[in-house]
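S.K.: Structure for this input, please:
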Amino acid sequence: MKRIRVLITDDHAIVRDGICALLALTEDIEAVGEATNGREALERVKKLAPDVVLMDIAMPLMDGLEATRRIHKESPHTKVIVLTQYEDREYVLPVIEAGASGFVSKTAASSELTSAIRSVYRGDSYLSPSIARLLVEDYREMAKVGKSQDTSEQLTDREREILKLLAEGHSTPEIARMLVLSPKTVERHKTNLMGKLDIHNRLDLFKYALRKGIITV
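M.R.: Sure, this is the predicted structure:
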């Protein structure tokens, strides 16, 4: 059985040690390295090619947000889960926009962390329930002030299908395989649906899909 290879990035040794001990108890996940800041994380990702990076936000030299952005751009096959004590909106949305596949609170149970690792490894996204509630509250507020104009009727069935998969966190190659389409065709549908909805990034696409009930968290 192939084990999920995880890089742990946190500037506190006690946190890294605790996560290593937790992962050692699982049969399908292994810690393959550690980093104490975002800069080290980038170096370890290039050297070790982990499947998943657990990323703290507040670290010296390079913070977790910038490191996540760089990993998403330079090593797109490596998924990032932000593991942090911060649960405010000002941290959550930028992290998602930077390309993180998951957001887990450090107050979460150990079983939630391993579930999140398995989830993002499969290509899904993962948000701690407390984080999901924050986002749902934001979307409800947006609806109240009239920012939820319904434009979904403009989409074709195929565009709606691709919208759902994009909002769930799947990449273009993954969607192409799932729908038996070429990546070029998926990109064309993606461009068309984002133009119709006047949406220009994955974060807003995620918000739209959640607000319209296309996905749930």
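S.K.: As a check, name the ranges of all strands in the chain.
M.R.: Remark: strands assigned in the chain by DSSP state E are 4-9, 29-35, 52-55, 79-84, 102-105, 126-127.
S.K.: and the third one, which strands flank it?
M.R.: Which is strand 52-55. Partners of strand 52-55 in the sheet, by DSSP bridges, are strand 4-9 (parallel), strand 79-84 (parallel).
S.K.: now do the last one
M.R.: Listed by DSSP bridges, the sheet partners of strand 126-127 and their directions read strand 102-105 (parallel).
S.K.: Please compute how far the strand it pairs with lies from its chain's middle.
M.R.: From the chain centre to the centre of strand 102-105 is a distance of 9 Å (C-alpha atoms, centre = their mean, to the nearest Å).
S.K.: Other residues contacting that strand?
M.R.: With C-beta atoms under 8 Å, 6 or more residues apart in numbering as the test, strand 102-105 has contacts from 79-85, 87, 92, 95-96, 112-113, 116, 119-120, 125-128, 130-131. Glycine gets a C-beta too; all of them are placed from N, C-alpha and C.
S.K.: Equivalent analysis for stretch 183-195, please.
M.R.: Against stretch 183-195 from outside (C-beta under 8 Å, 6+ apart): 155, 158-160, 162-163, 166, 172-173, 175-176, 179, 200, 205.
S.K.: Just the buried residues of that stretch, please?
M.R.: Neighbour counts over stretch 183-195 (16 or more other C-beta atoms under 10 Å) mark 186, 189-190, 192-194 as buried.
S.K.: pLDDT and distance to Ala24 added to those residues, as TSV?
M.R.: Formatted as TSV, these follow (pLDDT from 0 to 100; distance: C-beta to C-beta, whole Å):
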residue	pLDDT	distance to Ala24
Val186	92	39
His189	89	43
Lys190	90	40
Asn192	88	47
Leu193	88	44
Met194	87	43
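S.K.: Same list (those residues) but as CSV, adding distance to His72.
M.R.: Shown next, in CSV, are the buried residues of stretch 183-195 (distance: C-beta to C-beta, whole Å):
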residue, distance to His72
Val186, 19
His189, 22
Lys190, 17
Asn192, 24
Leu193, 22
Met194, 18
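S.K.: follow-up on the earlier one: of the strands of the chain, flag the one that's most buried.
M.R.: Sort the strands of the chain by mean neighbour count, taking mean count of other C-beta atoms under 10 Å, and strand 52-55 sits at the top with a mean of 28.
S.K.: quick one: it to chain centroid distance?
M.R.: Averaged C-alpha coordinates place strand 52-55 at 10 Å from its chain's average position (C-alpha atoms, centre = their mean).
S.K.: hmm, who's touching that strand?
M.R.: Identification of contacts with strand 52-55 by C-beta under 8 Å, 6+ apart yields 4-10, 19, 38, 41, 45, 64, 67-68, 71, 78-83, 100, 113, 117, 120-121.
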